[in-house]
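Undergrad: Next input, structure requested:
(one chain, ligands or ions: 1)
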Amino acid sequence: MGKSLAAQLHKAGHTVKVANSRGPKTLQTFEKQTGAKAVDVTEVASGADILILAVPLKNIAGLRVLLTNLPASAVVLDACNYYPWRDEQITEINEGVTESVWVSQQLGIPVIKAFNNIIASNMITGSRPAGAPDRVALPVAGDNLKAKMIIMELVEELGFTPFDAGTLADSWRQQPAQPVYCTDPTLKELPGLLARADRQKAQANRGRIKMILEKIPPGFSGQDLTRVSRLLVGLDVFKLKTWAALIRMGIAML
Ligand SMILES: NC(=O)c1ccc[n+]([C@@H]2O[C@H](COP(=O)([O-])OP(=O)(O)OC[C@H]3O[C@@H](n4cnc5c(N)ncnc54)[C@H](OP(=O)(O)O)[C@@H]3O)[C@@H](O)[C@H]2O)c1
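TA: I've put the predicted structure just below:
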């Protein structure tokens, strides 16, 4: 996800710094592919207007090292998701704490939630100019209105329509296995899908996501995955492309 965001932000004219846990030398290919500058993790937040977190959730606590250099005015964007089979069990989230609220608590700073519900490759293939009929709308949730507006502007700039999805506590509605997850809704579709979010159903559906992700090969198209996800929430039922994607997924999973 970091790669897609870095590439699109660089393309939009932003200065982008990136860091991982293994050091800038391991990010030389990443630099060439995205135009971002790789730096040490202790330096990445220094002078930043926006700090984007896109790591497996289990590693969030390890990012406290970033906070020393984080400017007080910086907005922190949380693009992470909780996958229990990848992140180990996080009791608080299992017991109902909203994922980004947990992130905010772990780091002791406010965060804005966005970009977590779109597949990384669709960040590039799905970018559209304002007014395009198939433009994807992305939910943005957070408690500080000014910070939320900054991220909403960023969403717009990257070719998506921002939608104010409420407070950080409300962002459980855009978590994995909820109807807006990986379904790339238009602005017309998004509010209805957020309203249909259901904590209990999502808990049960996470097992389905695990099963699908384990069975499809790594290179499987993000667009096809989204087409199938849309079908599962009752969208595009009469589109030929939807059923073709379902067949391709079935074959890939064999
Ligand atoms: N992939 C998607 O389509 C997508 C879409 C929306 C949201 N997300 C969410 O975004 C997050 C990242 O997913 P991903 O698919 O991009 O995973 P990924 O391909 O495994 O990338 C994670 C990156 O985080 C770095 N990292 C891990 N621990 C770190 C630490 N302690 N300090 C600094 N860097 C660290 C990793 O580098 P090192 O291991 O070298 O440190 C790696 O470059 C997840 O929470 C995911 O659910 C993913």
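Undergrad: Please determine how far the residue nearest to residue 253 when sequence neighbours are not counted is located from residue 172.
TA: Nearest residue to residue 253 in three dimensions, chain neighbours excluded: residue 215, at 4.2 Å (C-beta to C-beta, 6 or more residues apart in numbering). All C-beta atoms are positioned from the backbone trio N, CA, C, and that covers glycine. As judged by C-beta to C-beta, to the nearest Å, residue 215 and residue 172 stand 27 Å apart.
Undergrad: And these two? Which one has more around it.
TA: Neighbour comparison, residue 215 and residue 172: the larger count goes to residue 172, with 20 against 12 (by other C-beta atoms under 10 Å).
Undergrad: Wasn't the more buried one part of a helix?
TA: Yes. The assignment for residue 172 is a helix, going by DSSP: H, G, I helix; E, B strand; the rest coil.
Undergrad: Settle this for me: it is touching residue 197, isn't it.
TA: Yes. Residue 172 lies in contact with residue 197 (C-beta atoms under 8 Å); the separation is 7.1 Å.
Undergrad: Just give me the neighbour total for the residue of the stretch 151-254 of the chain found nearest the ligand.
TA: Using C-beta to the nearest ligand atom, the single residue of the stretch 151-254 of the chain nearest to the ligand is residue 222, 7.0 Å away. Residues lying near residue 222 (other C-beta under 10 Å) number 19.
Undergrad: And residue 243, by the same measure?
TA: Around residue 243 there are 15 residues (other C-beta under 10 Å).
Undergrad: OK, contacts around it?
TA: When the contact criterion is C-beta atoms under 8 Å, 6 or more residues apart in numbering, residue 243 has no partners at all.
Undergrad: Within the helices and strands, which one has it?
TA: Using DSSP states H and E, residue 243 sits within helix 240-253.
Undergrad: Under a three-state scheme, what state does residue 81 occupy?
TA: Once three-state DSSP is applied, residue 81 turns out coil.
Undergrad: Start at 337, not 1
TA: Right, with 337 as the first residue, what we last looked at is residue 417.
Undergrad: Surely it is in contact with residue 511?
TA: Yes. Assessed by C-beta under 8 Å, residue 417 is found in contact with residue 511 at 6.7 Å.
Undergrad: anything in contact with each of these two?
TA: With C-beta under 8 Å, 6+ apart as the test, residue 417 and residue 511 both reach 435, 452.
Undergrad: Just give the number of residues close to the residue nearest to residue 421 when sequence neighbours are not counted.
TA: Leaving aside its sequence neighbours, residue 421 sits nearest to residue 546 (C-beta to C-beta, 6+ apart; 5.3 Å). By the criterion of other C-beta under 10 Å, residue 546 has 16 neighbours.
Undergrad: in which helix or strand would I find residue 546?
TA: Residue 546 belongs to helix 535-551 when assigned by DSSP H and E.
Undergrad: What are the buried residues along that helix?
TA: Across helix 535-551, burial judged by 16 or more other C-beta atoms under 10 Å covers 538, 541-542, 545-546, 548.
Undergrad: swap in stretch 485-492?
TA: Buried residues in stretch 485-492 (16+ other C-beta under 10 Å): 485-488, 490-491.
Undergrad: Same check on stretch 579-590?
TA: Using 16+ other C-beta under 10 Å as the test for burial, stretch 579-590 gives 581, 584-585.
Undergrad: May I have the secondary structure class of the residue of the stretch 437-586 of the chain found nearest the ligand?
TA: Distances between the stretch 437-586 of the chain and the ligand by C-beta to the nearest ligand atom are smallest at residue 456, namely 3.4 Å. When classified by three-state DSSP, residue 456 comes out as coil.
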